[in-house]
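>>> Predicted model, plus sequence, below.
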Amino acid sequence: MAGNGNENTDGEFSFSAAAARDALPRITTEKGAKSPTSADVCHDDTASRVNFQTIDELHSLQKKRSAPTTPLKEGGGVVMGTSGPTTPVSGETMLQSVSASLASLTRETGPKLIRGDPTSAAKVAHVPQTPTSLPAADVSDSALKFTHVLHNLSPAELYEQAIKYEKGSFVTSTGALATLSGAKTGRSPKDKRVVKDETTESELWWGKGSPNIEMDEQTFLVNRERAVDYLNSLDKVFVNDQYLNWDPENRIKVRIVSARAYHSLFMHNMCIRPTPEELENFGTPDFTIFNAGKFPCNRYTHYMTSSTSVDINLGRREMVILGTQYAGEMKKGLFGVMHYLMPKRKILSLHSGCNMGKDGDVALFFGLSGTGKTTLSTDHNRYLIGDDEHCWSETGVSNIEGGCYAKCIDLSREKEPDIWNAIKFGTVLENVVFDEHTREVDYTDKSVTENTRAAYPIEYIPNSKIPCVGPHPKNVILLACDAFGVLPPISKLNLAQTMYHFISGYTALVAGTEEGVKEPRATFSACFGAAFIMLHPTKYAAMLAEKMQAQGATGWLVNTGWSGGSYGSGSRIKLAYTRKIIDAIHSGSLLNATYQKTEIFGLEIPNEVEGVPSEILEPMNAWEDKEAYTDTLLKLAGLFRNNFETFTSHTIGDDGKLTEEILAAGPNF
Ligand SMILES: Nc1ncnc2c1ncn2[C@@H]1O[C@H](COP(=O)(O)OP(=O)(O)O)[C@@H](O)[C@H]1O
Ligand SMILES: C=C(OP(=O)(O)O)C(=O)O
Ligand SMILES: [Ca+2]
Ligand SMILES: [Mn+2]
């Protein structure tokens, strides 16, 4: 429109007389513009004088300087060791700090770092350098090359980097950045390694059931050097300096060094974003991730069993990622670190969602992947504190992260409007399929993976609670997606039962994408997050028991899985019903309901929940084949009993009595 005509005083568009005469639409940009002369025909700019002489100068006007993320010097940059008078101190400090992070541990030479995009720093080699006096033996070609550091780029800058340089990056119709995570579309828990040293040997949980597969310090350093050398060999690396934990007293500074803009934007969204002032004074990070992405580990290295390795070294406060580009490894890796650091400060780390009602009542949502933490904590009637990782301290709860990571498979605007609307500019959309032309995403399409994901800053949820902290929880909701269909949709738990189910960490999902998998597969994952805990599960359980007792919090078990039969014959409980159940927990109305106790598991089932058909509340009612129900229930009870065997010899907390009660809170048959 605007390109074809000009606006009259009455607001309508019309072509000027000149357009008719020259058969060329002409735009009049100023009132009372002079009539065209022959010189004007191809030169429409009758507006005020321009302040550029060339196209390059015009382009240079487009961008305003905005410290601290944009390059400090156009066409140049700041090279390590050149501290000329024009070099801002903050940029230099940042580069020195990054240089220290990226330095080789065996060679004395760190990489030569330059701030900013290599494409805008072509003349860098001509920047005079202070001669460095290094032992000749230490000089290698890798120490002579420059690596550009793209430090805390903005989402817009990261979009451009991703779209220009990373295959499979596109803008979707709603403005999200669609990316591909490569061969790995989920986490690789079997490739996780934790350094066993004198301290961690006695502190951490090792052995049967533990997620901590050991590696030694030397092997860690081999992998670290491999990742660092790879990153230093690139023209540019992305560096994020960010925070974890909204509790200001227990905030952790993290640095993420990665090879891809996708990874940088993901962590920008998922961690807490520092203000420009906080970034200026960031200093030395408390923990650093070296993410070499697709660059594999060497399979001949001791302790390696595949070309993927995710290595945590608590002593060095470092993590190395080789051979996987799945971004979730970074967020969950840091979560593991928090599961080590926080209990040392008597703070409980939780794999749970968390939200708060208008009256300040806080609820936690524990559960394994796919059980509904993100979906159910994102509730239009409540304030979202976080969807996945929290801390519970002496003062209350705090989110560890600054963003959410929602599953997108079958996402619909009707059922999950807040998540739907969060998928906009700035959001990373992993592994989704979209229309080539309209760029509209088909959320039902599993062609790339079933585990499609959206990562967005928490403030993209309209009723998020910023800062993401809240008072002590009133309700502790344990989510299980029971594909056997025998657990009640809702039951009230006493403290011992809550602990029993917390330590068990049960869910059973059906692997929809795997050929031939028809039977539900039970998973037991201690503390609903065995893949991330560092200490023995009973340590976290004891802390949870103590806190729930002190605060008088109520435990609930919610089955978000099947009803009326196992997977195949029954059906998944409608999300709308589960939401009604959750509403009744929040409102307190369920506390006043009448209950009946189930056989075997001894769970208290309410007789009525507003908005939920009463027939489905007692699972046996919903099954046509009662015998099949009992068989399935007994089968599940057996799986629970087997799983709990590893814990029977442990004391939970100092209270022998509680341990006895917890053991008795399991199934009886
Ligand atoms: N009754 C239900 N309760 C919760 N989620 C359900 C239910 N029925 C279907 N779902 C779907 O299950 C998935 C739960 O995943 P999500 O909330 O991301 O789990 P988590 O955050 O625990 O990994 C979502 O895709 C959601 O739409
Ligand atoms: C990112 C994850 O979290 P969740 O599935 O619990 O949302 C994960 O487990 O990899
Ligand atoms: Ca998870
Ligand atoms: Mn989640």
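Perfect, I can see it now. Ligands and ions are numbered 1, 2, ... in the order given.
>>> contacts and neighbour counts: CA atoms only from here.
OK.
>>> Quick one: residues in contact with stretch 249-267.
152, 155, 158-159, 161-162, 166, 179, 231, 234, 236-245, 282, 284-293, 327, 330-331, 426, 428, 455-456 (C-alpha atoms under 8 Å, 6 or more residues apart in numbering).
>>> Backbone dihedrals for residue 310, both of them.
phi -120, psi 110 (degrees, to the nearest 10).
>>> And the residue of the stretch 201-350 of the chain closest to ligand 1?
Residue of the stretch 201-350 of the chain nearest ligand 1, by C-alpha to the nearest ligand atom: residue 328 (11.7 Å).
>>> who are the neighbours in contact with that residue?
186, 187.
>>> What segments of the stretch 451-600 of the chain are strands?
453-457, 469-470, 473-480, 490-493, 506-509, 521-524, 554-559, 562-563, 571-572, 595-597 (DSSP state E, counting those that start in this stretch).
>>> got those strands as a markdown table, with mean neighbour count, mean pLDDT and distance to ligand 1 columns?
As requested, the strands of the stretch 451-600 of the chain are arranged in a markdown table below (neighbours: other C-alpha atoms under 10 Å; pLDDT from 0 to 100; distance: least, C-alpha to the nearest ligand atom, whole Å):
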| stretch | mean neighbour count | mean pLDDT | distance to ligand 1 |
| --- | --- | --- | --- |
| strand 453-457 | 25 | 98 | 9 |
| strand 469-470 | 25 | 98 | 19 |
| strand 473-480 | 25 | 98 | 8 |
| strand 490-493 | 24 | 98 | 11 |
| strand 506-509 | 24 | 92 | 10 |
| strand 521-524 | 18 | 94 | 14 |
| strand 554-559 | 25 | 98 | 8 |
| strand 562-563 | 28 | 96 | 8 |
| strand 571-572 | 17 | 94 | 6 |
| strand 595-597 | 14 | 97 | 22 |
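>>> In a markdown table, list these along with distance to residue 637.
Formatted as a markdown table, these follow (distance: least, C-alpha to C-alpha, whole Å):
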| stretch | distance to residue 637 |
| --- | --- |
| strand 453-457 | 33 |
| strand 469-470 | 36 |
| strand 473-480 | 14 |
| strand 490-493 | 16 |
| strand 506-509 | 11 |
| strand 521-524 | 11 |
| strand 554-559 | 15 |
| strand 562-563 | 16 |
| strand 571-572 | 21 |
| strand 595-597 | 16 |
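>>> To ligand 2, which of those lies closest?
So among the strands of the stretch 451-600 of the chain, strand 453-457 is nearest, using C-alpha to the nearest ligand atom, at 8.7 Å.
>>> Return the list of helices and strands in contact with that closest one.
Secondary-structure packing of strand 453-457 (3 or more C-alpha pairs under 8 Å, 6 or more residues apart in numbering; DSSP states H and E): helix 261-270, strand 403-407, strand 428-430.
>>> so the second one versus strand 453-457, what angle?
Using axes from the mean of the first three to the mean of the last three C-alpha atoms, to 10 degrees, the inter-axis angle of strand 403-407 relative to strand 453-457 is 160 degrees.
>>> After strand 403-407, which helix or strand is next?
Using DSSP states H and E, the helix or strand that directly follows strand 403-407 along the chain is helix 417-422.
>>> The last one too?
On the C-terminal side of strand 428-430, the nearest following helix or strand under DSSP H and E is strand 433-434.
>>> and that following strand, average pLDDT?
Averaged across strand 433-434, the pLDDT comes to 97.
>>> I'd like the helices and strands packed on strand 453-457 as TSV, with mean neighbour count, mean pLDDT and distance to ligand 2 appended.
Formatted as TSV, the helices and strands packed on strand 453-457 follow (neighbours: other C-alpha under 10 Å; pLDDT from 0 to 100; distance: least, C-alpha to the nearest ligand atom, whole Å):
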stretch	mean neighbour count	mean pLDDT	distance to ligand 2
helix 261-270	27	98	11
strand 403-407	25	97	6
strand 428-430	29	98	12
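>>> can you redo those as TSV with distance to ligand 1?
Putting those into TSV (distance: least, C-alpha to the nearest ligand atom, whole Å) gives the following:
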stretch	distance to ligand 1
helix 261-270	14
strand 403-407	4
strand 428-430	14
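>>> Let me have those in TSV, extended by distance to residue 593.
Shown next, in TSV, are the helices and strands packed on strand 453-457 (distance: least, C-alpha to C-alpha, whole Å):
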stretch	distance to residue 593
helix 261-270	39
strand 403-407	33
strand 428-430	42
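>>> Which stretch among the ones you listed approaches residue 629 most closely?
Among those, strand 403-407 comes nearest to residue 629, with 30.7 Å by C-alpha to C-alpha.
>>> quick one on the thing from earlier: got a quick PyMOL command for the buried subset of the contacts of stretch 249-267?
Buried residues among the contacts of stretch 249-267 (16 or more other C-alpha atoms under 10 Å), as a PyMOL selection:
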select buried, resi 152+155+158+159+161+162+166+179+231+236+237+238+239+240+241+242+243+244+245+282+284+285+287+288+289+290+291+292+293+327+330+331+426+428+455+456
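>>> Could I get the contacting residues of the nearest residue to residue 611 once chain neighbours are set aside?
Closest residue to residue 611 apart from its sequence neighbours, by C-alpha to C-alpha, 6 or more residues apart in numbering: residue 580 at 6.1 Å. Residue 580 sits next to 609, 610, 611, 612 when contact means C-alpha under 8 Å, 6+ apart.
>>> Kindly report the same for residue 304.
191, 297, 298.
>>> And what about it, helix, strand or coil?
Going by DSSP: H, G, I helix; E, B strand; the rest coil, the secondary structure assigned to residue 304 is coil.
>>> Spell out which residues of the chain are next to ligand 1.
Residues of the chain lying close to ligand 1 (C-alpha under 6 Å from any ligand atom) are 367-375, 406-407, 409, 560, 573-575, 578.
>>> In this structure, which residue sits nearest ligand 2?
residue 369 (3.5 Å).
>>> sorry, back to before: inside strands: which ones of the contacts of stretch 249-267?
179, 236-244, 287-291, 428, 455-456 (DSSP state E).
>>> circling back to that earlier point, and the gap between the residue nearest to residue 611 and residue 181?
Distance of residue 580 to residue 181, computed by C-alpha to C-alpha, to the nearest Å: 36 Å.
>>> hang on, residue 104 packs against residue 228?
Yes. Under the criterion of C-alpha atoms under 8 Å, residue 104 makes contact with residue 228 at 7.1 Å.
>>> which one of those two has more residues nearby?
Between residue 104 and residue 228, counted using other C-alpha atoms under 10 Å, residue 228 has the larger neighbour count: 23 against 20.
>>> so which helix or strand takes in residue 376?
helix 373-377.
>>> Output that helix as CSV, restricted to C-alpha atoms.
Extracted C-alpha coordinates of helix 373-377, given in CSV (Å, rounded to 0.1, in the frame of the first residue of the first chain):
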residue,chain,number,x,y,z
LYS,A,373,4.7,-31.1,35.1
THR,A,374,4.9,-28.4,32.4
THR,A,375,1.3,-28.8,31.2
LEU,A,376,-0.3,-28.7,34.7
SER,A,377,1.9,-26.1,36.3
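>>> Show residues contacting it.
352-355, 365-367, 384, 386-388, 404-406, 416, 479, 579.
>>> Can you say which of the residues of the chain next to ligand 1 are buried?
367-375, 406-407, 409, 560, 573, 575, 578.
>>> what about residue 380, distance to ligand 1?
14 Å (C-alpha to the nearest ligand atom, to the nearest Å).
>>> Just list the residues touching the residue nearest to residue 247 when sequence neighbours are not counted, thanks.
In space, residue 247 comes closest to residue 398 once its chain neighbours are excluded; the distance is 5.7 Å by C-alpha to C-alpha, 6+ apart. Applying C-alpha under 8 Å, 6+ apart to residue 398 gives the contacts 245, 246, 247, 385, 390, 391, 392, 468, 469, 470.
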